[in-house]
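A.B. asks: what's the 3D shape of this:
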Amino acid sequence: MNYCINPNCPKPENVETIMFCTACGSDLLLEGCYRVTRLLSDRNKPSGFGTIYEVNDGGKVKILKVLHNNHPKAIELFQQEAEVLKHLKHPGIPGVETDGYFQFPISDGTVLHCLVMEKIEGMNLEEWLKTRRLQPITERAALRWLKQLIEILHQVHQQNYFHRDIKPANIMLRPDGQLALVDFGTAREVSQTFLQKLAGQQVTGIISAGYTPMEQVNGKAVPQSDFFALGRTFVYLLTGKSPLAFPENPQTGDLIWRSDAPQISAGFADLIDYLMQPFPAKRPQNTQEICQRLQAIEQNLPPSESTTQNLYNPAISNKVNLPAETIVSNTLANSSSRKKSSGLKLLVGGGILLLGCASLIYGIQSNRNQVSSKISGEIASQSTPSQAIKSPEDLSISPVNTQPQDIDTDVNSSQKESSPNVPSPIATPGCTIEVADPQDTTLNVRSQPNKDSEKVGELPNGTKISVIKNQQGWYQINSPFNGWVAANRTRQICGR
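C.D. replies: Purely as a prediction, here's the structure:
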């Protein structure tokens, strides 16, 4: 489909092969290269200052923002976003080409201001948390996300900009678990002119209730205003509640929220409070300071992935293996005890026949040794390397049994049971394997089957994966992308 971006067009949908809108005559090939294929926002309820479309640029899908408000301040902010994004190069920031901003005249003479940028796949964190019924995230997930956002903000602040509108709705979660900061329409450059304005008069105020600090409400935003909004964002993610739902301490102005986030450590809660200090001078002064605090908090966390790598099959540590020699020894001891008991009875009952009894005992002992040798040979044959358990999946927790013929039965019966966190073989027909990390909302995907290899992405719980190999507690996957995941963080689902 070709979509006409004229806001007054009565019938904007057109077939793909034509060059001009059949209803209003507007160009359908923008700037000679962009074809609008889909409307992403409501034409009657524009997003921000305008409407958002999906466009095709030579086979690559991008986003087109069209400004419908011709107020000079709206145009200034729109052009400002284009200029900021041209200078910021980071995977967590939408990319804009040097010619991404352009003006497009429509049939009635009106000029539309347009901006083409990279499309960030996924959903924003506000939608994401609502989709999961406002279930708070874990501390480990919060630390991972906060580190990502601080890295993005470091790039923004290093280029002498600050965002001024950080909130869950402006943070996108990609399918691979990486975050991106969007909507730079309110971003501001920290220039000498700005500092002079800040000292003498108000700067344009951008307000998002619950996330905007007081100095920004008063038109005096500074780079540390981003830290306040970031702290409020994590209050929402860690509690599942809007910051407006919590009271403030009347003496200090601190938000009273900690009791609704019992899953996090005191050190991490202290950092969030530090970000949200009422006065900018009492907040972290730069991103490096926050990174240092994050590293200290991570070092004090209980180990997760590093300690669970050896627990991919709990049976390994609980399995009791008796060597064949022990079983033979016990069998001989029991046999010897029974034989000696019989010999004593004979000696007591026939004291006058000592020589005969001695001969009898000697014969019995000789026969017993032959029987023991036979038993030892049979048990040893049950424990030869060719019969040994060869993989972690074959091991199980089972009681010690001195009857060799029962050992295989116990192993087979235990394999019929399953647990969400015990790795199963590659999915059987009619079954699927999905991410089921009991300790986190997402699962790391590694480049190699070990925890120290490069992380290539993350998968949210419930994501179906295609397993092509099982190696020492790790699954090699080729869908939704290639990599290795810890097998004990998955489960096999059958019969759905």
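A.B. asks: pretty sure H90 sits against I152.
C.D. replies: Yes. H90 lies in contact with I152 (Cβ atoms under 8 Å); the separation is 5.9 Å. C-beta: built from backbone N, CA, C; applies to glycine.
A.B. asks: so which of these two has more stuff around it?
C.D. replies: Taking neighbours as other Cβ atoms under 10 Å, H90 and I152 compare with I152 leading, 22 against 16.
A.B. asks: burial count for the closest residue to K11 other than its chain neighbours?
C.D. replies: Among residues not flanking K11 along the chain, A23 sits closest, at 4.0 Å (Cβ to Cβ, 6 or more residues apart in numbering). Using other Cβ under 10 Å, A23 is surrounded by 15 other residues.
A.B. asks: for A23, give me its contacts.
C.D. replies: If you count contacts by Cβ atoms under 8 Å, 6 or more residues apart in numbering, A23 has them with C4, C9, P10, K11, P12, N14.
A.B. asks: bridging residues for the last one?
C.D. replies: Here N14 shows beta-bridge partners N2, assigned using DSSP bridges.
A.B. asks: need the helices for the stretch 101-250 of the chain, in chain order.
C.D. replies: With DSSP state H, counting those that start in this stretch as the criterion, the stretch 101-250 of the chain has helices at 125-131, 139-158, 192-200, 214-217, 224-239.
A.B. asks: these: which one's closest to Y101?
C.D. replies: With Cβ to Cβ as the criterion, Y101 lies closest to helix 139-158 of the helices of the stretch 101-250 of the chain, at 18.9 Å.
A.B. asks: what's that closest one packed up against?
C.D. replies: The criterion is 3 or more Cβ pairs under 8 Å, 6 or more residues apart in numbering; DSSP states H and E, and the helices and strands that helix 139-158 contacts are strand 179-181, helix 224-239, helix 266-275, helix 287-299.
A.B. asks: hang on, the earlier thing: quick one: which of the contacts of A23 is nearest to L115?
C.D. replies: Of all these, C4 has the smallest distance to L115: 17.9 Å, by Cβ to Cβ.
A.B. asks: so where is the stretch 251-400 of the chain shaky, pLDDT-wise?
C.D. replies: Within the stretch 251-400 of the chain, the set of residues satisfying pLDDT under 70 comprises 303-400.
A.B. asks: could you redo the last one with a cut-off of 50?
C.D. replies: Applying pLDDT under 50 to the stretch 251-400 of the chain picks out residues 305-350, 352-355, 357-358, 360-400.
A.B. asks: take the helices of the stretch 101-250 of the chain and write them to CSV, including distance to L271 and mean pLDDT.
C.D. replies: Listed next are these as CSV, based on distance: least, Cβ to Cβ, whole Å; pLDDT from 0 to 100:
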stretch, distance to L271, mean pLDDT
helix 125-131, 19, 96
helix 139-158, 8, 95
helix 192-200, 27, 41
helix 214-217, 20, 92
helix 224-239, 8, 97
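A.B. asks: out of those, nearest to F268?
C.D. replies: Here helix 139-158 is closest among the helices of the stretch 101-250 of the chain (Cβ to Cβ), at 5.7 Å.
A.B. asks: so what angle separates the directions of the closest one and helix 266-275?
C.D. replies: Calculated by axes from the mean of the first three to the mean of the last three Cα atoms, to 10 degrees, helix 139-158 forms an angle of 30 degrees with helix 266-275.
A.B. asks: pick the most buried one from the helices of the stretch 101-250 of the chain.
C.D. replies: Highest mean neighbour count of the helices of the stretch 101-250 of the chain: helix 224-239, a mean of 25 (counted as mean count of other Cβ atoms under 10 Å).
A.B. asks: got the angle for it vs helix 139-158?
C.D. replies: Using the same axes, to 10 degrees: helix 224-239 against helix 139-158 is 160 degrees.
A.B. asks: which other helices and strands contact helix 224-239?
C.D. replies: helix 125-131, helix 139-158, helix 266-275.
A.B. asks: and those: which comes nearest V84?
C.D. replies: helix 139-158 (8.3 Å).
A.B. asks: which residues does that closest one contact?
C.D. replies: 88-90, 92-93, 137, 162-163, 166, 171, 178-181, 187, 223, 226, 230, 234, 237-238, 263-265, 268, 286-288, 290-291, 294, 297-298, 301, 304, 439-442, 458.
A.B. asks: mind putting the helices and strands packed on helix 139-158 into TSV with distance to D452?
C.D. replies: Output for the helices and strands packed on helix 139-158, formatted as TSV (distance: least, Cβ to Cβ, whole Å):
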stretch	distance to D452
strand 179-181	23
helix 224-239	28
helix 266-275	24
helix 287-299	16
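A.B. asks: give the contact list for the nearest residue to L275 once chain neighbours are set aside.
C.D. replies: Spatial nearest neighbour of L275, chain neighbours left out: G231 (3.1 Å); criterion: Cβ to Cβ, 6+ apart. By Cβ under 8 Å, 6+ apart, the residues touching G231 are I272, D273, Y274, L275, M276.
A.B. asks: what is the neighbour count of the second one?
C.D. replies: As a burial measure, the neighbour count of D273 was computed by other Cβ under 10 Å and equals 16.
A.B. asks: next one: it from A245, what distance?
C.D. replies: 17 Å (Cβ to Cβ, to the nearest Å).
A.B. asks: just P72 next, same as before
C.D. replies: Taken as Cβ to Cβ, the span from P72 to A245 is 37 Å.
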